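Visitor: Starting from these lines, generate the structure:
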Amino acid sequence: MPKAKGKTRRQKFGYSVNRKRLNRNARRKAAPRIECSHIRHAWDHAKSVRQNLAEMGLAVDPNRAVPLRKRKVKAMEVDIEERPKELVRKPYVLNDLEAEASLPEKKGNTLSRDLIDYVRYMVENHGEDYKWQDFLDSLQKRKMEVE
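Guide: Purely as a prediction, here's the structure:
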C-alpha cells in the first residue's frame, strides 16, 4: 500500500549538535558495564582493553600471561628471552582486588523464607507446646551409651 502523499517531512541537518560528543557518548553507552567497581573506576575509555588491563597489572589472556614450558626443549638448553614486563601504573586496583578476595566468605546458613514462615505459624498456633527437651535428653543418653 503506498504512503499517503504529504505525510513525510524532509529531515534537516542539525548544525547545533556536537557530533564528537554525540559519538563518544553513544560509544560509551554501547560498551558493556563493568561489574567490578575497582576496575570500573580505574578504566580509561580512550584506551583499549589490553592497555587498560596492562596498566592495572591484569592479564587479558591468562594463557599468554603464564606461558607453559614445553618438555621437548629440555634436551637442548636454550636461553629463553623474557619479554619486558609492562609497567603497572595503577597498582591500587590489583591491591584492592587482592584485599577483597582475601576477605572471608559470607556463610549462607540462613533458613529459607518458607521454613521461617512455617515455624512462625506453628509457634503462634501451638506456643511452646512441644517435646524437644525430652527428645534431646534421649539423644544424649544414646550418645553416652555408645561411648
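Visitor: which stretches of this protein have low pLDDT?
Guide: 1-3, 6, 71-85, 129-133, 135-136, 139, 142-147 (pLDDT under 70).
Visitor: ok, which stretches of it are helices?
Guide: 19-30, 37-42, 49-56, 62-65, 91-102, 113-126, 132-146 (DSSP state H).
Visitor: now residue 58, nearest residue through space, not along the chain?
Guide: In space, and not counting its chain neighbours, residue 58 is closest to residue 94: 7.0 Å by Cβ to Cβ, 6 or more residues apart in numbering. C-beta here means a position set from N, CA and C on the backbone, and glycine is covered the same way.
Visitor: and what of residue 92?
Guide: Nearest one to residue 92, counting by Cβ to Cβ, 6+ apart, is residue 42 at 7.7 Å.
Visitor: still on that earlier bit, what about the residue nearest to residue 58, neighbour count?
Guide: 15 (other Cβ atoms under 10 Å).
Visitor: and it, what does it touch?
Guide: 56-58, 88 (Cβ atoms under 8 Å, 6 or more residues apart in numbering).
Visitor: Show me the one in those that has more neighbours than the rest.
Guide: residue 56 leads the contacts of residue 94 on contacts (other Cβ under 10 Å) with 21 neighbours.
Visitor: quick one: contacts for it?
Guide: 39, 42, 88, 90, 93-94.
Visitor: Can you tell me how far it is from residue 28?
Guide: 19 Å (Cβ to Cβ, to the nearest Å).
Visitor: Next: residue 94.
Guide: 25 Å.
Visitor: Narrow the contacts of residue 94 to those in strands?
Guide: Residues of the contacts of residue 94 located in strands (DSSP state E): none.
Visitor: Make a markdown table out of the residues you listed and add distance to residue 24.
Guide: Output for those, formatted as a markdown table (distance: Cβ to Cβ, whole Å):
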| residue | distance to residue 24 |
| --- | --- |
| 56 | 22 |
| 57 | 27 |
| 58 | 25 |
| 88 | 27 |
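Visitor: Mind telling me the two of those residues farthest from one another?
Guide: 58 and 88 (9.2 Å; Cβ to Cβ).
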